[in-house]
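Participant: any chance you could fold what I've pasted below:
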Amino acid sequence: MRKYLVQFADEEFVVQVRLLTEDEQPNSEQTGTDSGITAVPPKEKVIDKQCESLEAPLGGTILKINVKVGDRVKTGDLLMTLEALKLENEITAPFDGEIVEVMVSTGSTIDLGDPLLTIQKAEE
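Facilitator: Model (predicted):
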């Protein structure tokens, strides 16, 4: 499964996408369309205007996650360690805030730009 940040009508939503197996492929009778694509309304808004999704600066493997949902972080705090090209890269907080969502787990393989976590900015 992959998570993506989608913006629609000035609102942002996190959506999960999963590739269907051959047995799960919908037919036009199930979807009401010939394309096999079904739009599903979002169940809940995950991100508001004061939240920011932190994306992977490069592809690799998550070695360690140092935060969990609800943790408060300061600019520069270590959030997680990413191994890429046999080097350990520290992912740090870009601003003060609170962790709203962690989208990866230890051992996850990620690509450049994959969402890692969401931070709600601290009120100034």
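Participant: tell me where the model's unsure across this protein.
Facilitator: Counting by pLDDT under 70, the chain contains low-confidence ranges at 1-5, 7-13, 16, 18-20, 22, 24-49, 124.
Participant: just the helices in it please.
Facilitator: 28-31 (DSSP state H).
Participant: now the strands for it?
Facilitator: With DSSP state E as the criterion, the chain has strands at 2-8, 11-17, 51-55, 60-65, 72-73, 78-84, 87-92, 97-102, 109-110, 115-121.
Participant: contacts only, for Val69.
Facilitator: In this structure, Val69 makes contact with 99-102, judged by CB atoms under 8 Å, 6 or more residues apart in numbering. For the C-beta atoms, the positions are set from N, CA and C on the backbone; glycine is no exception.
Participant: could you dump the residues you listed to JSON lines with distance to Glu83?
Facilitator: Supplementary listing: the contacts of Val69 in JSON lines, determined by distance: CB to CB, whole Å:
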{"residue": "Ile99", "distance to Glu83": "21"}
{"residue": "Val100", "distance to Glu83": "25"}
{"residue": "Glu101", "distance to Glu83": "22"}
{"residue": "Val102", "distance to Glu83": "18"}
